[in-house]
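Novice: here is the input, now give the coordinates:
(one chain, ligands or ions: 1)
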Amino acid sequence: MRINDFDDSLDPVILKRGRQYYQEGRVSRIEKTTAGWTAVVAGTHDYRVEVQLEPNGFIRFSSCDCPYEGGEYCKHQAAVFYALRAGVTTGGPGGQETMATGPMGGLEKVLTDMEPGQMRDIILDETRALFQAHIERSAREADQRSKYKQVCVMIKTYKKACGELAARSMITELCRLYPRRPAFLDELGRI
Ligand SMILES: [Zn+2]
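Specialist: Okay, here's the model as predicted:
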């Protein structure tokens, strides 16, 4: 079973109590280990739960040190499953905090849920910004004609990628920034 659909496999009573525990904030100290996650669940005593997940969310291993023997999974494990699926740590000495890198929490969950077109737009935007920053840095560090030429080659590629207008505005900006580099202005003028 996977962390996404553990509710299909667990005993309904265990599920209900686990969800209750989770909602009451009894799951704390969720920590990433090399193999998965550990957490402490506050019940009659504090119990320690360990869960190992495959990258696809399959629950490879799960254990709890409570004495429950009624089935494979106890309510503490169920509570931790809920917490991991929600990608949120609750309770604990620090109060509530968001888990940035849950198995299906944080970025991974956002990416999984995102429309492909939306993702593409974000990547395009970021790539454009990275490209632009790279050219600006290269321009700043350039100090001779051969380097200026290299910057201009990048700007030509940038023009192909991001359009005439974007390239023009970049060239204008570079001319404004480096009026005392005649060789650079010369090269920029040839684009
Ligand atoms: Zn237990």
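
Novice: going forward, measure contacts between C-alpha atoms and count neighbours the same way
Specialist: OK.

Novice: now the longest helix along the chain: mean pLDDT?
Specialist: Criterion DSSP state H: the longest helix present in the chain is helix 116-141. Averaged over helix 116-141, pLDDT sits at 87.

Novice: list the contacts for the residue nearest to Glu54 when sequence neighbours are not counted?
Specialist: Distances taken as CA to CA, 6 or more residues apart in numbering put Arg60 closest to Glu54, at 6.4 Å, once the chain neighbours are dropped. Contacts for Arg60 were tallied using CA atoms under 8 Å, 6 or more residues apart in numbering; they are 51-54.

Novice: kindly reformat those as CSV containing secondary structure, neighbour count and distance to the ion.
Specialist: As requested, the contacts of Arg60 are arranged in CSV below (DSSP: H, G, I helix; E, B strand; the rest coil; neighbours: other CA atoms under 10 Å; distance: CA to the ion, whole Å):
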residue, secondary structure, neighbour count, distance to the ion
Val51, strand, 21, 12
Gln52, strand, 19, 16
Leu53, strand, 17, 18
Glu54, coil, 14, 22
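
Novice: which one of those sits closest to Glu141?
Specialist: When the contacts of Arg60 are ranked by distance to Glu141 (CA to CA), Glu54 comes first, at 45.4 Å.

Novice: quick check: closest non-adjacent residue to Val80.
Specialist: Val27 (6.4 Å).

Novice: quick check: residues of the chain near the ion?
Specialist: Taking CA under 5 Å from the ion as the contact definition, the chain meets the ion at 64, 66, 74, 76.

Novice: where along this structure do the helices fall?
Specialist: Using DSSP H, helices in the chain cover 12-23, 75-86, 106-113, 116-141, 145-162, 164-177, 182-189.

Novice: before we move on, the earlier item: okay, now the residue nearest to Val80: neighbour count?
Specialist: 32 (other CA atoms under 10 Å).

Novice: for Tyr21, see how far away it is.
Specialist: Val27 sits 7 Å away from Tyr21, taking CA to CA, to the nearest Å as the criterion.

Novice: which residues do the two both contact?
Specialist: Ala79.

Novice: contacts only, for Ile3.
Specialist: Residues counted as contacts of Ile3 (CA under 8 Å, 6+ apart) are 53, 57-59, 81, 84-85.

Novice: can you do 6 Å?
Specialist: Applying CA atoms under 6 Å, 6 or more residues apart in numbering, we find Ile3 in contact with Gly57.

Novice: against Leu53, how distant is it?
Specialist: 8 Å.

Novice: swap in Asn4?
Specialist: 11 Å.

Novice: over to Ala133?
Specialist: 38 Å.

Novice: same question for Arg168.
Specialist: 50 Å.
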